[in-house]
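Chemist: Fold the following and give me the result.
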Amino acid sequence: MKHDFTFTIKTIALDENYHPSDKTRITTNFANLARGSHRQANLRNALKMIDNRFNALANWDNPTADRYSVELEIISVNIDVAGSGQAFPSIEVLKTNIVDRHTNKRIEGIVGNNFSSYVRDYDFSVLLQEHNKNQPAFSIPENFGELHGKLFQAFVNSAVYKQHFNKPPVICLSVSDNKTYHRTENQHPVLGVEYQPNESSLTEQYFKKMGLQVRYFMPPNTVAPLAFYFVGDLLNDYTSLELISTVSTMETFQKIYRPEIYNANAAAGKAYRPNLQNLDHSLTQIVYDREERSKLASEQGKFAQEHFIKPYQTVLEQWSASAV
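Modeler: Now for the predicted structure:
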């Protein structure tokens, strides 16, 4: 049963000339930036913000703060089910690469960063909502996230993943606005001060089924913690430059998408409760349609239901039951 899926990887550069393809999951943060009349300026400004943040964090042997630049690749993962010959777009992540202008070397960064998934859209926007439609109290469907988690782990453990990437993925998300995070005494030179949440979240549980654990850190000169989902040892498995590439990339995206949290004018204190209604924040010069993005998540969840979940339901159920 474990040979029912074949993964294929396609890559495209995320630069100021990037145009989302028809097959790109358009709720993806970077695809939303790359549309409309401001698309090129949006991309140029976002990439400049990433480079500036990278050089601010990688400040050793970098007196003019321009030694490094970050190149981004969009990694699109298609899945061929049961030899059907029909490739379904399953996962999209970002890969960072670091250019050192002093040595003219290109250094591999981290894969993951941003995370998009049609099946996750289905789970949260279709399955979870239908399950709770007429329920007196919110509850989680049985086996929620099991299939998605096993598909993700099958990809990360696949020969295709290992051919393309040297290390496991790190995914960096915003913090939840319905939890409180408490500052600890633990501090990392790149990731900054560690925070711990007051309780687990549905997102944490969902990512745990993907084989990922989570830690929360607020990098230097940042105003809110970020959630880092990873396999293994986050602090010791990756170099400083690798970690900086993820922080600079994802912090930039969060300033654009969650300015109320990540571009707030006051930094998180010892006990921090994120607030998406916070008016005391600054906006970047980058145009982004958050309302449109939330609508598209529902549409793409339905797409996954029609083109993946329903047609292959028996195969998927059998494979999920047999996968460890």
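
Chemist: which regions of the chain sit below the pLDDT cut-off?
Modeler: 1-4, 19-39, 83, 285-294, 324 (pLDDT under 70).

Chemist: which residues of it fall in strands?
Modeler: 5-14, 68-81, 87-100, 105-117, 170-174, 181-188, 192-197, 213-218, 226-230, 271-272 (DSSP state E).

Chemist: okay, those in a markdown table with distance to L316 and mean neighbour count next?
Modeler: In short, each C-beta sits where N, CA and C put it, glycine included. Formatted as a markdown table, the strands of the chain follow (distance: least, CB to CB, whole Å; neighbours: other CB atoms under 10 Å):
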| stretch | distance to L316 | mean neighbour count |
| --- | --- | --- |
| strand 5-14 | 10 | 16 |
| strand 68-81 | 8 | 20 |
| strand 87-100 | 11 | 21 |
| strand 105-117 | 15 | 21 |
| strand 170-174 | 23 | 22 |
| strand 181-188 | 36 | 15 |
| strand 192-197 | 32 | 18 |
| strand 213-218 | 26 | 20 |
| strand 226-230 | 24 | 23 |
| strand 271-272 | 39 | 16 |
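
Chemist: Reformat those as JSON lines; add distance to E142.
Modeler: Listed next are those as JSON lines, based on distance: least, CB to CB, whole Å:
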{"stretch": "strand 5-14", "distance to E142": "23"}
{"stretch": "strand 68-81", "distance to E142": "23"}
{"stretch": "strand 87-100", "distance to E142": "23"}
{"stretch": "strand 105-117", "distance to E142": "20"}
{"stretch": "strand 170-174", "distance to E142": "25"}
{"stretch": "strand 181-188", "distance to E142": "30"}
{"stretch": "strand 192-197", "distance to E142": "25"}
{"stretch": "strand 213-218", "distance to E142": "23"}
{"stretch": "strand 226-230", "distance to E142": "24"}
{"stretch": "strand 271-272", "distance to E142": "34"}
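
Chemist: what's the closest of the ones you listed to K255?
Modeler: strand 170-174 (10.4 Å; CB to CB).

Chemist: I'd guessed A323 sits against K150; true?
Modeler: Yes. Using CB atoms under 8 Å, A323 is in contact with K150, at 4.5 Å.

Chemist: So which of the two has more stuff around it?
Modeler: K150 (22 against 17; other CB atoms under 10 Å).

Chemist: roughly how far apart are the more buried one and A321?
Modeler: According to CB to CB, to the nearest Å, K150 and A321 sit 10 Å apart.
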